[in-house]
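> sequence plus predicted model, see below.
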Amino acid sequence: MDAVLEQWSQVVRSATEGRRPLRIRGSGSKDFYGNATAGELLDTRGHAGIVDYESSELVVTARAGTPLAELESALAQKGQMLAFEPPHFGASATVGGMLAAGLSGPRRQSAGPLRDFVLGMQLMDGRGDILNFGGRVMKNVAGYDVSRLLAGSLGTLGLILEASLKTLPLPVMEATLRFELPEDRAVETLNRWGGQPLPVSASAWHGDELHVRLSGAAAAVTAALGRLGGEQLSADRARPFWSGLREQRHPFFQNSMPLWRLAVPSTAPPRVFEVLPGSRLLEWGGGLRWIATHADARVVRDVAAKAGGHATLFRAADKSCGSFHPLPPEMMMLHRRLKATFDPQGIFNPGRLYPDL
Amino acid sequence: MNVFAGRIDFIRQAQVAARLGAVLPRAAVLHRSEDTRPYECDGLSAYRQLPMVVALPADEAQVQAVLRICHELQVPVVARGAGTGLSGGALPMGDGVLLSLAKMKKILAVDPVARIARVQPGVRNAAISEAAAPYGLYYAPDPSSQIACTIGGNVAENSGGVHCVKYGLTVHNVMRVRGLTAAGDLVEFGSEAPDAPGYDLLALAIGSEGMLAVTTEVSVRLIPKPETACCIMASFDDVEKAGNAVADVIGAGIIPAGLEMMDRPATHAVEQFVHAGYDLEAAALLLCESDGTPEEVREEVARMSEVLRASGATGIRVSQNETERLKFWAGRKAAFPAVGRISPDYYCMDGTIPRRRLGEILHFIAAMEIKYGLRCPNVFHAGDGNLHPLILFDANKPDELARTEAFAGEVLEKCVEVGGTITGEHGVGIEKINQMCTQFAPAELALFRGVKTAFDPEGLLNPGKNIPTLHRCAEYGRMHLKGGTAAAQQPHAGLPRF
Ligand SMILES: Cc1cc2nc3c(=O)[nH]c(=O)nc-3n(C[C@H](O)[C@H](O)[C@H](O)COP(=O)(O)OP(=O)(O)OC[C@H]3O[C@@H](n4cnc5c(N)ncnc54)[C@H](O)[C@@H]3O)c2cc1C
């Protein structure tokens, strides 16, 4: 076994024996996300590097401590990308943090979320054992899909050591269009376009401005540009717009109010969110509504649930209401039992996801 | 044939049937062998077992009532959709209830604006696309069995199809699964929003082979039908060249809508059956599809043709219209039944390997054909590296099944050795349970059992499938083999594989 892994295995075993919590952390770029957790620091950056990258296989395998920027630049050199366009939220964000947070960026609208691109993972469980699930192939149904379960688990199930991810070719052409229209028309328009074979890869509405990105074969993008109208942004304006959105540098996010992330069915009409005073930004064809509001957490969650979705308190000074939407009791029971299977003494990031996990 | 000698306890049978008869209509509880016979096997007919009782609920409340009774009486339950599974996942138990979801076949809602269909578990895969067609939408995963198999079965197996290379598997196209645990508790995984709070239990439920919960409702994503599609049929005079061409297409940055391969024995079997117009001289054929706007398709077909030629294609035919395109695919989709016509029996494998090892595996399979004296046509979801070698045999000839089993076992272990897996889409079921001991280490298997226990502490849902016990692995005598570092230590002959 690798010396670092050997050492981590000892740390984990002794933490389990002594029931002492560990706080798993890469660069800390996503410290703000989820609930606070305490415990001895386990810095994943000691286990870094791209293990294998075969571009013709569309698979890259990287260790958890690998800087995300390093991974993305290796892919870009071969004309490929992580199609879920993960937010970094910091210059030194790591691959492990990206996987544990499970967040996706603007291209999620067409490409699918991070977990769709997870092919396999290696993890260390609460016993200090190294386990492998999934693999480096596109299709694999042997056993339960544990590696996708780990995506977005915020380090509460195990220490992610390494992952194999599906990559995709960079689009041949991209173009961004800007339209002026109110929110309800934006929702209606995006859903209508979603039902047509158009190469829409991202969308964002805020302050009566709708931005839409088209990506794909040159012929498809050109044809769509002709059909959709609107004002085309130059590439040097479009690129920072989408990266600014992904990294939350867009002016909407420069707000001191608590920031809520509501995932809802794409057709949810804007009026149902109007009881929440504040401002809104919409992404993913209507499936994601960012709301900066001082409204009471219970009200926000109620609004989200009634719309058929859930609400996450994404950024806030006070997260005492809990970052994540409460689960029904049967579902919470499943979560607790799964946690106990992976991490019998509850040493990994306790409380980061839910208070009793 | 593996007829399981699970003898039925008639007193227990009468008790269970009576209890279920109190919550289901009379005709929905079967126990006489002439009534339960149709349920004795799934698509893997080498395994058969009569169930103690068959229950045919018509709605979620009835499923819940059945599960509550079985939980109370501690009777194992095996869910069943259409029974087209190829790994014995729906094989009944002689002391268990076979829970058929076939009556629950309502399409509950099609929302063309949100592009979501909400359906009951017994709805056939193809019926979803048919219901969505008036809106220009469809459900993308298209297993060859799509006119028969159910969405409940697809969720349980994470089924794929010939277009998955671009559009993904079941796990990429299902948004929400509603179901009942063995105890009869209602659970919901995923949602009709982009994600759901907490752990991704939807990912865990998909491909779980009916062992974690019984699916009672599914929401699937519908996508717009591409304006047009076009299929290239490329001929190769050597299977290895065809295998390399697959990697070359993907390596050139093209994600085809479908990328399938058939070798000569497969095309010959198919051609007699469907007259698809296949090149019978070629050692291997690739079917390479492009879809999108007419301009996009023209551009992509030109690029793909160029790559295929550079990779050594000896002939290229491009479908000139929709009829011809469907004819190209009809051959591929009928590959299993076609092979069924040229041989008394066939056995379908399902390993997945890294694409660049295709040529190597094909040579390995050819060597195994000689070693075991059995023919083995090959059809592949080549774009995903998913192999379906079909071993031809005659179960009535002594030792042909045993040789088939040994042949299949060697191929699956080779798949693991080159960095692949024993099953890409058909599932482990009962069939590949021994090979699970090759692919996973004891600690990994223990974790799988922990996951199972989290959902079903008493082990009542589909017990004995998918995840082997350590005891079983010890008996099987196979060493865990990872990335080719350790070798299988035991000789292959004489070991049970089915
Ligand atoms: C000719 C032929 C071609 C095929 N082609 C393909 C292909 O291209 N791609 C592919 O992936 N597969 C293919 N298959 C395999 C098979 O069709 C799929 O696995 C399919 O998803 C099984 O669906 P089913 O409804 O028949 O399920 P069944 O065979 O009835 O059951 C399969 C498994 O699902 C479980 N199950 C079924 N319904 C439920 C439910 N409601 N809740 C919980 N568990 C449930 C069962 O317990 C069992 O473990 C093919 C099979 C045949 C015979």
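Happy to help now that I have it. Numbers count the residues shown, from 1 in each chain, chains lettered A, B, ... in the order given.
> all the strands of the stretch 1-150 of chain B, residue numbers only.
For the stretch 1-150 of chain B, strands defined by DSSP state E, counting those that start in this stretch occupy the ranges B:2-3, B:29-30, B:47-48, B:53-55, B:77-80, B:97-100, B:107-111, B:116-119, B:137-138.
> so what strands line up beside the third one?
In other words, strand B:47-48. Paired neighbours of strand B:47-48 in the sheet (DSSP bridges): strand B:2-3 (parallel).
> so for the strand it pairs with, mean pLDDT?
Here strand B:2-3 scores 54 as its mean pLDDT.
> now the strands: where do they sit in the stretch 51-200 of chain A?
A:59-63, A:80-81, A:118-124, A:130-134, A:159-166, A:168-169, A:173-180, A:200-206.
> now the element after the last one, going C-ward?
When you say that, I think you mean strand A:200-206. strand A:209-216 (DSSP states H and E).
> what would the strands of the stretch 51-200 of chain A look like in TSV with distance to A:R239, mean neighbour count and mean pLDDT?
In short, each C-beta sits where N, CA and C put it, glycine included. Shown next, in TSV, are these (distance: least, CB to CB, whole Å; neighbours: other CB atoms under 10 Å in any protein chain shown; pLDDT from 0 to 100):
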stretch	distance to A:R239	mean neighbour count	mean pLDDT
strand A:59-63	23	24	98
strand A:80-81	14	18	98
strand A:118-124	27	23	98
strand A:130-134	33	22	97
strand A:159-166	23	25	98
strand A:168-169	18	18	96
strand A:173-180	9	18	98
strand A:200-206	12	24	98
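> can I get the ones you listed in JSON lines including distance to B:A395?
Formatted as JSON lines, the strands of the stretch 51-200 of chain A follow (distance: least, CB to CB, whole Å):
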{"stretch": "strand A:59-63", "distance to B:A395": "39"}
{"stretch": "strand A:80-81", "distance to B:A395": "47"}
{"stretch": "strand A:118-124", "distance to B:A395": "37"}
{"stretch": "strand A:130-134", "distance to B:A395": "35"}
{"stretch": "strand A:159-166", "distance to B:A395": "39"}
{"stretch": "strand A:168-169", "distance to B:A395": "44"}
{"stretch": "strand A:173-180", "distance to B:A395": "56"}
{"stretch": "strand A:200-206", "distance to B:A395": "52"}
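> looking at those, which is nearest to B:A257?
Nearest to B:A257 among these is strand A:168-169 (14.3 Å), distances taken as CB to CB.
> and B:R403, helix, strand or coil?
B:R403 falls in the helix class when you classify it by DSSP: H, G, I helix; E, B strand; the rest coil.
> residues in contact with it?
Contacts of B:R403 were listed using CB atoms under 8 Å, 6 or more residues apart in numbering or on different chains, and they are B:Y372, B:G373, B:L374, B:F393.
> for the strands of the stretch 1-150 of chain B, which one sits closest to A:A76?
Judging the strands of the stretch 1-150 of chain B by CB to CB, what sits closest to A:A76 is strand B:137-138, at 33.4 Å.
> of the strands of the stretch 1-150 of chain B, give the one that comes closest to A:G105.
strand B:116-119 (22.9 Å).
> now do the buried residues in that closest one.
Buried residues in strand B:116-119, counted by 16 or more other CB atoms under 10 Å in any protein chain shown: B:I116, B:A117, B:R118, B:V119.
> let's see that strand as CSV, backbone CA atoms only.
The C-alpha trace of strand B:116-119 is given here as CSV (Å, rounded to 0.1, in the frame of the first residue of the first chain):
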residue,chain,number,x,y,z
ILE,B,116,-41.3,13.9,-17.9
ALA,B,117,-43.4,10.7,-18.1
ARG,B,118,-44.7,9.2,-14.9
VAL,B,119,-45.5,5.5,-15.2
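> quick one: which of the buried residues of strand B:116-119 is nearest to chain A?
Distances from chain A to those, taken as CB to the nearest CB, are shortest for B:I116 (7.6 Å).
> which strand residues bridge the closest one?
B:D111, B:R221.
> so it touches B:E192, yeah?
Yes - if you go by CB atoms under 8 Å, B:I116 and B:E192 touch, sitting 5.7 Å apart.
> common neighbours of the two, please.
In contact with both B:I116 and B:E192: A:P265, B:M175, B:S219, using CB under 8 Å, 6+ apart.
> would TSV of those with neighbour count be doable?
Formatted as TSV, the shared contacts of B:I116 and B:E192 follow (neighbours: other CB atoms under 10 Å in any protein chain shown):
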residue	neighbour count
A:P265	21
B:M175	22
B:S219	22
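> would you reformat those as TSV and include secondary structure?
What follows is these, written out as TSV (three-state DSSP):
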residue	secondary structure
A:P265	coil
B:M175	strand
B:S219	strand
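> and which of those residues is nearest the ligand?
B:S219 (14.2 Å; CB to the nearest ligand atom).
> number of nearby residues for A:I50?
15 (other CB atoms under 10 Å in any protein chain shown).
> cool, and the one 3 residues further on?
When counting by other CB under 10 Å, one arrives at 17 neighbours for A:Y53.
> pLDDT at it, what is it?
Looking at A:Y53, the pLDDT reads 96.
> and the closest residue to A:P344 other than its chain neighbours, what does it touch?
Nearest residue to A:P344, sequence neighbours excluded (CB to CB, 6 or more residues apart in numbering or on different chains): A:G126, at 5.4 Å. A:G126 makes contacts with A:V12, A:T16, A:G158, A:F342, A:D343, A:P344, A:Q345, A:G346, A:I347, A:F348, as judged by CB under 8 Å, 6+ apart.
> once you drop chain neighbours, what's closest to the residue of the stretch 151-300 of chain B found nearest the ligand?
Using CB to the nearest ligand atom, the closest approach of the stretch 151-300 of chain B to the ligand is made by B:G153 at 2.2 Å. Nearest residue to B:G153 in three dimensions, chain neighbours excluded: B:G81, at 3.4 Å (CB to CB, 6+ apart).
> the one you found contacts B:A90, correct?
Yes - the pair B:G81 and B:A90 passes the contact test of CB under 8 Å, sitting 7.3 Å apart.
> where do the contact lists of those two overlap?
With CB under 8 Å, 6+ apart, B:G81 and B:A90 have common neighbours B:G153.
> looks to me like B:H471 is in a helix.
Yes - applying three-state DSSP, one finds B:H471 inside a helix.
> tell me how far it lies from B:G427.
22 Å (CB to CB, to the nearest Å).
> need the shared contacts of B:I116 and B:E192 in a markdown table (columns: pLDDT).
Output for the shared contacts of B:I116 and B:E192, formatted as a markdown table (pLDDT from 0 to 100):
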| residue | pLDDT |
| --- | --- |
| A:P265 | 98 |
| B:M175 | 98 |
| B:S219 | 98 |
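> picking up where we left off before, who wins for neighbours among the contacts of A:G126?
Counting by other CB under 10 Å, top hit in these: A:F348 with 30 neighbours.
> which residues touch it?
Contacts of A:F348 (CB under 8 Å, 6+ apart): A:P21, A:L22, A:I24, A:G126, A:G155, A:T156, A:L157, A:G158, A:L159, A:F342.
> can you narrow those residues to ones near the ligand?
Taking CB under 6 Å from any ligand atom as the test, the ligand is in contact with none of the contacts of A:F348.
> and the residue nearest to A:P344, what's its pLDDT?
A:G126 is assigned 98 on the pLDDT scale.
> so the nearest residue to A:I347 once chain neighbours are set aside: helix, strand or coil?
Spatial nearest neighbour of A:I347, chain neighbours left out: A:A15 (4.6 Å); criterion: CB to CB, 6+ apart. What three-state DSSP gives for A:A15 is helix.
> wouldn't A:A15 be in contact with A:I24 here?
No - the pair A:A15 / A:I24 is not scored as a contact, 11.0 Å apart, by CB under 8 Å.
> which residue is nearest the middle of chain B?
When CA atoms, centre = their mean is applied to chain B, the residue found nearest the centroid is B:H426 (2.7 Å).
> list the contacts for that one?
A:V141, B:G85, B:L86, B:S87, B:E157, B:C348, B:D350.
> which ones are touching the residue nearest to the second one when sequence neighbours are not counted?
Among residues not flanking B:G85 along the chain, B:D42 sits closest, at 4.4 Å (CB to CB, 6+ apart). Residues in contact with B:D42 (CB under 8 Å, 6+ apart) are B:R80, B:G83, B:T84, B:G85, B:L86, B:G88, B:G89, B:A90, B:L91.
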